[in-house]
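Engineer: From the sequence below, what's the structure:
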Amino acid sequence: DLTENPLTTLPNGSFLGFIHLQSLAVPLTLECPGGSDAWQNVTVDRSSRLCQEQRNPCNSSVELAWPCPENSVCAPDGPGLIQCLCDNSFHGYKCLREGTFPMLLFGGILGTATVSLSLLLWGTQRRKAKTP
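Structural biologist: Just a heads-up that it's a prediction; the model follows:
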C-alpha cells in the first residue's frame, strides 16, 4: 500500500524482480507500474488506485517491442517488465555462445594474474617498508 506516500512518480525499475506481486495500492495521481495493461484488474476509488493480478507480458498477444534474441526465452521480471534468459546450453552476449561457461579456465587465468601481480608488488615494494 503506497497510498499515503508523497510520491509524484514511481522511479524506473522500482518493481524490477517483483514477479509475485499480486496487489498494489498507489495514490490516484500515479498510474499502476507498467501501465494498466500490466494488470488484470485496475480499480479506482476515492483515494487510491488498486492494481491486482499481474499479467505475464511474455504471453500477451501484442508483439514485444524488444523481442528476445535467438537461443533465449522470455520471462517476466516485474509489472510490465521482461527479461530474456538463455536456453540451457547457451550463454554470453545475446546467448550466442554454446556450451557451458569455461569457469576453470577463467578462474585459473584470474588467479594466476592476481598471484603474479601480488608477488611483483610485494617484491618491489618490500624494501621501501624497511625504514629504521
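Engineer: Please, where are all the helices along the chain?
Structural biologist: Assigned by DSSP state H, the helices in the chain fall at 103-125.
Engineer: Provide a list of residue ranges in it with pLDDT below threshold.
Structural biologist: Across the chain, residues meeting the criterion (pLDDT under 70) sit at 60-66, 127, 129-132.
Engineer: quick one: the strands in it?
Structural biologist: All strands of the chain, identified by DSSP state E, fall at 23-27, 39-44, 48-54, 72-76, 82-86, 90-91, 97-98.
Engineer: Pull up the pairing partners for the fifth one, direction included.
Structural biologist: The reference is to strand 82-86. Under the criterion DSSP bridges, strand 82-86 sits next to strand 72-76 (antiparallel) in its sheet.
Engineer: quick one, the partner strand and strand 48-54 angle?
Structural biologist: Per axes from the mean of the first three to the mean of the last three CA atoms, to 10 degrees, the angle that strand 72-76 makes with strand 48-54 is 140 degrees.
Engineer: Show me which residues of strand 72-76 are buried.
Structural biologist: Within strand 72-76, the residues that count as buried by 16 or more other CB atoms under 10 Å are 72, 74, 76. In this view, the C-beta of every residue, glycine as well, is placed from N, C-alpha and C.
Engineer: what residues are up against the nearest residue to residue 77 once chain neighbours are set aside?
Structural biologist: Leaving aside its chain neighbours, residue 77 sits nearest to residue 83 (4.1 Å; criterion: CB to CB, 6 or more residues apart in numbering). Counting by CB atoms under 8 Å, 6 or more residues apart in numbering, residue 83 makes contact with 74, 75, 76, 77.
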